[in-house]
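Peer 1: Curious how this folds, go ahead:
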Amino acid sequence: MKKFSKREAIQFGWETMKANFPFFLGLLIAAFIIQAIPSWIAESIQKNSKFVAFLFNVVAAVVQIIVTLGMIRIALKFASGEKGQFEDLWQSYPLAIKYFLSSILYGLMVLGGTLLFIVPGIILAIRYQFYSYLIVDQNLGPIEALKKSAAITKNSAGNLFLFGLATFGVILLGVLCLLVGLVAAIPVAMVATAFVYRKLAGQVEVVVETT
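Peer 2: This next block holds a predicted model:
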């Protein structure tokens with residue numbers, strides 16, 4: 001059974017956040033502004049031009065995907081002992097289509113499993129959750145990323161479920177601290193999750209054919 005320490009992961013996330021707090025503060029502010037601008041424009045012109053507003057909503061969705069991939073890239077860098085950079089926030093834009101397609105497949109699988117008495121949906125969500133990390137880290141295609149996520153999480157679903165509860169607790173504490181705590185909680189959770197991915201991905205060698 002592949003093992004990782006939940007406590008070690010959270011501790012690593014916490015120490016990384018503390019050592020790089022100014023960077024993470026600026027990163028979160030930048031990510032928020034970048035994602036908010038097209039959405040704000042779409043909302044402000046909705047009454048005058050629904051079509052243009054729709055286009056800006058599409059832009060907002062694309063920007064959100066790029067920023068999500070960028071945050072994953074940054075978290076993976078810190079989990080590998082490297083320093084994340086602000087430009088990493090948009091460096092993964094070529095992977096946007098792969099991420100979009102794999103997210104649809106992931107969502108359909110989880111939805112299907114949820115309809116089967118909920119528990120299968122939770123298991124599927126846990127087993128396939130690292131598809132986005134594999135796309136960013138190894139440039140895998142949608143199917144390959146999902147398959148490899150299932151491979152590296154084999155026999156670790158229970159531990160990953162408990163880790164998910166732990167990271168949820170971290171985020172909840174941030175919310176309870178008048179939302180200000182999220183500035184610390186979000187980096188802790190994202191780096192801790194990347195740390196767990198690195199642990200699991202490093203313990204198995206899976207041959208995956210890339211397109």
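
Peer 1: Now do the same for the residue of the chain positioned farthest from its centre: its pLDDT.
Peer 2: What lies farthest from the middle of the chain is residue 48; by CA atoms, centre = their mean that is 35.3 Å. You'll see residue 48 listed with a pLDDT of 85.

Peer 1: try the one 4 residues further on
Peer 2: pLDDT for residue 52: 90.

Peer 1: Check residue 69 too.
Peer 2: In this model, residue 69 is scored at 98, pLDDT.

Peer 1: returning to what we had before: and the residue farthest from the centre of the chain, what does it touch?
Peer 2: Applying CB atoms under 8 Å, 6 or more residues apart in numbering, we find residue 48 in contact with no residue. Yep, even glycine has a C-beta here, placed from its N, CA and C like the rest.

Peer 1: which residues sit in contact with residue 100?
Peer 2: residue 65.

Peer 1: repeat that with 6 Å
Peer 2: Shown in contact with residue 100 (CB atoms under 6 Å, 6 or more residues apart in numbering): no residues.

Peer 1: what does residue 194 give?
Peer 2: Counting by CB under 6 Å, 6+ apart, residue 194 has contacts 75, 76, 79.

Peer 1: give me that answer again for 8 Å
Peer 2: 72, 75, 76, 78, 79, 133.

Peer 1: Between which two of the residues you listed is the distance greatest?
Peer 2: 78 and 133 (13.0 Å; CB to CB).

Peer 1: ok, the two, which is more surrounded?
Peer 2: Per other CB atoms under 10 Å, whichever of residue 78 and residue 133 has more neighbours is residue 133, with 27 against 23.

Peer 1: I figured the more buried one hits residue 72, correct?
Peer 2: Yes - using CB atoms under 8 Å, residue 133 is in contact with residue 72, at 5.9 Å.

Peer 1: and the most centrally placed residue in the chain, how far is that from residue 181?
Peer 2: Residue closest to the average C-alpha location in the chain (CA atoms, centre = their mean): residue 72, at 5.4 Å. Distance, residue 72 to residue 181, using CB to CB, to the nearest Å: 22 Å.

Peer 1: what do you get for residue 64?
Peer 2: From residue 64 to residue 181 the distance is 23 Å (CB to CB).

Peer 1: and what of residue 187?
Peer 2: 11 Å.

Peer 1: ok, these two, which is more surrounded?
Peer 2: Of the pair residue 187 and residue 181, residue 187 is the one with more neighbours under other CB under 10 Å, namely 27 against 17.

Peer 1: Work out for me the element the more buried one sits within.
Peer 2: According to DSSP states H and E, residue 187 maps onto helix 182-201.

Peer 1: and that helix, which residues are buried?
Peer 2: 182-201 (16 or more other CB atoms under 10 Å).

Peer 1: what's the offset of that helix from the middle of its chain?
Peer 2: Relative to its chain's centre, helix 182-201 lies at 9 Å (CA atoms, centre = their mean, to the nearest Å).

Peer 1: Which elements pack onto the longest helix along the chain?
Peer 2: Scanning the chain for the helix with the most residues, using DSSP state H, yields helix 50-79. With contacts taken as 3 or more CB pairs under 8 Å, 6 or more residues apart in numbering; DSSP states H and E, helix 50-79 sits against helix 21-44, helix 88-91, helix 96-115, helix 131-138, helix 182-201.
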